[in-house]
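A.B. asks: here is a sequence with its predicted model. Questions after.
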Amino acid sequence: MELDRRLLLVHCTVHALSIAAGLLVVVPMALNGSAFKGRCALFSAGFWRTENRVELTGQPGDVSHLVVQQWGPPAACQFATFVGIFTVLYGAAQGWSTLFSSFLTVLLSVCVLFLSGGASVILSLGLVSWCDTVTDANTRPYSCAESQSVPLYLDVDTSSFYTELNLAEASLWFVTALWLTQSILAFLRLYHSHSQHISGPCLPREKDLLLGYSLSEGSPTPPHPPATPTILV
């Protein structure tokens, strides 16, 4: 019973952390989507071009600007947002009441663990791809984080893209670790509950058998009646 309470307490703590981590995925992704006007920066392809752009700077002269050939697939950003939203809703629902049986909880936790891991890999690779585009494969004199303060001359707001995507990436990996923890805890609770269910009915019977054996060992052996002498005629 004490083990059950400890597992339940740890499980509730993990659910609370899942809600916070899920929000740290959803909010930055939503802000980034709004700044990029619904476009996804992950896996975007582009190149740098130097030309005379008087309309951009207001002064004649050559200026380097980023040209995006193709924006990334929206599903790459939507997948990470979906995992974050589901984590928040599931953590809130499970923290309020247990909606699923122990077996379904294990099955669902393992499935979402793989989804979260896949979303984390996609977000990480997509951010690396976008950073390579922004820094021109690391040939620019600034890093990806510093490129936030560099004018890219795009029709989107790029002033905080790295902060938002990097925060979402770190939070999503933390969500994946929490789903792994939830899977392990759910399995332990299922195993503990199953062990109690199996051993519960057997305990009274074993107790009776042990008591009966102890009584039989402790009771004195009744004395044998004296043998009757036999007279042979």
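C.D. replies: Structure's in. What do you need? Numbering: from 1, shown residues only.
A.B. asks: give the buried residues for the biggest strand by length in the chain.
C.D. replies: Longest strand in the chain, counting residues (DSSP state E): strand 40-52. The neighbour-count check on strand 40-52 (16 or more other Cβ atoms under 10 Å) flags 40-44, 46 as buried. C-beta here means a position set from N, CA and C on the backbone, and glycine is covered the same way.
A.B. asks: by contact count, what packs against it?
C.D. replies: strand 62-72, helix 74-96, helix 102-134, helix 161-218 (3 or more Cβ pairs under 8 Å, 6 or more residues apart in numbering; DSSP states H and E).
A.B. asks: same thing but 6 Å
C.D. replies: If contacts are counted by 3 or more Cβ pairs under 6 Å, 6 or more residues apart in numbering; DSSP states H and E, strand 40-52 sits against strand 62-72, helix 74-96, helix 102-134.
A.B. asks: and L24, how far from Q78?
C.D. replies: L24 sits 17 Å away from Q78, going by Cβ to Cβ, to the nearest Å.
A.B. asks: which one's more surrounded, the two?
C.D. replies: Set L24 next to Q78 and count neighbours by other Cβ atoms under 10 Å: L24 wins out with 19 against 14.
A.B. asks: SS state for that one?
C.D. replies: helix (DSSP: H, G, I helix; E, B strand; the rest coil).
A.B. asks: was I right about it contacting S171?
C.D. replies: Yes. At 3.7 Å, L24 and S171 qualify as touching, with contact defined as Cβ atoms under 6 Å.
A.B. asks: buried residues in stretch 160-173, which are they?
C.D. replies: Applying a neighbour-count criterion of 16+ other Cβ under 10 Å, one finds 161-162, 164-173 buried in stretch 160-173.
A.B. asks: and the two most separated of these?
C.D. replies: Farthest apart among these by Cβ to Cβ are F161 and W173. That separation is 18.6 Å.
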